[in-house]
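Visitor: Return a 3D structure for these sequence lines:
(one chain, ligands or ions: 2)
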Amino acid sequence: MKAVAAAVPNIPREDWTAHPRFRTQALLLGSHANFRRVSRYLVDQAAREEFVGLHSLFDRWIAAMRSHEAYEERKLYPYLEYRWQVSLEEARTGHGELHARADEVAEAFRSLARPADPTDSTDSSTDNPVLRALQAHDRTLDDHLNVEEEAVIPLLLALDPQEFDRYYRSPLSMLIPADRRAL
Ligand SMILES: [Fe+2]
Ligand SMILES: [Fe+2]
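Guide: Ligands and ions are numbered 1, 2, ... in the order given. The predicted structure follows:
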């Protein structure tokens with residue numbers, strides 16, 4: 001397929017759900033809704049200091065998010081950038097910011113597992129570092145998902161169903177000529 005330098009589609013968020021291809025071509029929003037739900041659950045549990053099983057839930061959730069991000073960076077973004085001649089660099093940057101916040105959450109969980117030191121005046125074990133770190137991660141996640149949805153959903157909805165189907169079924173090597181691929 002030739003890259004088509006067509007006008008970049010601009011479909012406002014309030015029109016997405018009424019779009020005829022919303023159900024089939026905006027599947028990304030379902031994953032994002034799940035991510036937001038899990039993030040809220042983790043924050044709520046930490047606020048109640050219900051920490052049992054929370055670290056392992058966080059780790060499993062992060063693993064699922066990482067595979068979602070890998071798909072986006074290896075296929076979704078390159079295809080849409082090629083197809084619509086746009087940059088999705090801001091969304092890539094958001095993944096890096098999320099990783100930094102996730103590292104802080106992991107460190108907060110580790111600090112929870114360490115015994116409190118009564119002689120250490122800087123010891124923060126009496127406050128709730130896991131909650132603070134999860135709240136920061138939640139804000140970064142929400143920012144990233146909003147940026148990504150605004151950038152990507154109109155581009156997906158604007159693909160005709162045949163092209164979307166081809167995109168969905170084909171490896172990137174069949175969608176973009178080798179000399180146009182960054183990877
Ligand atoms: Fe995403
Ligand atoms: Fe993403």
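Visitor: now the helices for the protein?
Guide: 22-25, 28-47, 54-71, 77-84, 89-113, 129-157, 161-169, 172-175 (DSSP state H).
Visitor: any chance of the ones you listed in a markdown table, with distance to Glu14, mean pLDDT and mean neighbour count too?
Guide: No exception for glycine: its C-beta is placed from N, CA and C like everyone else's. As requested, these are exported to a markdown table (distance: least, C-beta to C-beta, whole Å; pLDDT from 0 to 100; neighbours: other C-beta atoms under 10 Å):
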| stretch | distance to Glu14 | mean pLDDT | mean neighbour count |
| --- | --- | --- | --- |
| helix 22-25 | 12 | 97 | 15 |
| helix 28-47 | 14 | 98 | 16 |
| helix 54-71 | 25 | 98 | 15 |
| helix 77-84 | 21 | 96 | 20 |
| helix 89-113 | 21 | 96 | 16 |
| helix 129-157 | 12 | 98 | 19 |
| helix 161-169 | 22 | 97 | 13 |
| helix 172-175 | 30 | 94 | 14 |
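Visitor: Generate a markdown table for those helices, with distance to ligand 2 as supplementary columns.
Guide: Output for those, formatted as a markdown table (distance: least, C-beta to the ion, whole Å):
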| stretch | distance to ligand 2 |
| --- | --- |
| helix 22-25 | 17 |
| helix 28-47 | 8 |
| helix 54-71 | 5 |
| helix 77-84 | 9 |
| helix 89-113 | 6 |
| helix 129-157 | 5 |
| helix 161-169 | 17 |
| helix 172-175 | 17 |
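Visitor: Out of these, which gets nearest to Pro12?
Guide: helix 129-157 (8.3 Å; C-beta to C-beta).
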